[in-house]
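Asker: I would like the atomic coordinates for the input below:
(one chain, ligands or ions: 1)
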Amino acid sequence: MHRLIAASLLWAGAVSAAEVPCDNAIVTAEAESPELATRICAASDAALAHFASCALPEPKPVRILALNAFERECVGLFHCGEGLIEVLAPDAMEARRNLFGIFQHVPMERFFESVVLHEMSHAVFDGTPCAFAHCVASTEFFAYTQQIAALSDEDRAPIEALAQDMPARKDVLNVFVLYMAPDKFALEAWTYLNAEPDRCTFWQEMLTGEVHFDRALPR
Ligand SMILES: [Zn+2]
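Answerer: Predicted structure coming up:
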């Protein structure tokens, strides 16, 4: 069942006409067509199943809104503390394939799903204890490694090839590398995770704040 809402209620850039409460009772999808909203629900189901496969907690209820434009140079955005995710609609996302980085070989349909999963990973991470001014490096480590892990073997293979001879290093997993070279950060994160004996345990320890990649800023 679709509940129609007025586009005028939404902010600039939004062209939502369909609001669909997903059957998983966690996600509400908003998009310009019921078809796209249903697609977001399916992507959110897959993401929840992926989190459950490692016994990770579900996120709090979250709205996922598909937009045709972003002011920022990105394809997805999680608004922490607001229960809101914005993603570019697939057509708009395809037009920004130059931003896909290490995921550029992934076909649009699956890349869209993986962006939904990346942003939902931030929603899972939201509320994790953070002893510093922010825990951006940690939440991005968590989201990128979830995103890469959830790819099909075929889609992950070129990423594995890029990371092949990289040593696991913690010092480069910081916010500066994240902002300057997000692809490098994602590859380093994946390499670091793979050196861990059990990735599910590692992710669980990240969510308790036991393991993190942030540090106090110099005063
Ligand atoms: Zn992210």
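Asker: kindly report the domain assignment for this structure.
Answerer: Structural domains annotated on the chain: 3-125, 136-208, as defined by automatic domain parsing.
Asker: looking at the ones you listed, which is closest to the ion?
Answerer: domain 136-208 (4.3 Å; Cβ to the ion). Bear in mind the C-beta positions are built from the backbone N, C-alpha and C, glycine included.
Asker: what residues does the chain have near the ion?
Answerer: Taking Cβ under 5 Å from the ion as the criterion, the chain approaches the ion at residues E140, A143.
Asker: strands of the chain, residue ranges please.
Answerer: Here the chain has its strands, by DSSP state E, at 3-4, 18-21, 27-31, 62-67, 76-79, 84-88.
Asker: ok, which of the ones you listed comes nearest P158?
Answerer: Each of the strands of the chain has some distance to P158 by Cβ to Cβ; the shortest is strand 76-79, at 20.6 Å.
Asker: quick one on the thing from earlier: okay, the domains of the chain in CSV with mean neighbour count, distance to R215 and mean pLDDT next?
Answerer: Below are those laid out as CSV (neighbours: other Cβ atoms under 10 Å; distance: least, Cβ to Cβ, whole Å; pLDDT from 0 to 100):
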stretch, mean neighbour count, distance to R215, mean pLDDT
domain 3-125, 18, 17, 89
domain 136-208, 17, 7, 96
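Asker: ok so, going back, so for F132, which of the strands of the chain sits nearest?
Answerer: So among the strands of the chain, strand 76-79 is nearest, using Cβ to Cβ, at 18.7 Å.
Asker: one step back: and the domains of the chain as CSV, adding distance to A216?
Answerer: Compiled in CSV, the domains of the chain are given as follows (distance: least, Cβ to Cβ, whole Å):
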stretch, distance to A216
domain 3-125, 20
domain 136-208, 12
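Asker: now do the contacts for the residue lying closest to V115 once chain neighbours are set aside.
Answerer: Among residues not flanking V115 along the chain, G76 sits closest, at 4.4 Å (Cβ to Cβ, 6 or more residues apart in numbering). If a contact means Cβ atoms under 8 Å, 6 or more residues apart in numbering, then G76 has I85, E86, V87, L88, V115, V116, H118, E119 as its contacts.
Asker: so what's G76 bridging to?
Answerer: G76 has these beta-bridge partners by DSSP bridges: V87.
Asker: distance of K60 relative to E82?
Answerer: Per Cβ to Cβ, to the nearest Å, K60 is found 10 Å from E82.
Asker: likewise for A37?
Answerer: A37 is 19 Å from E82, by Cβ to Cβ.
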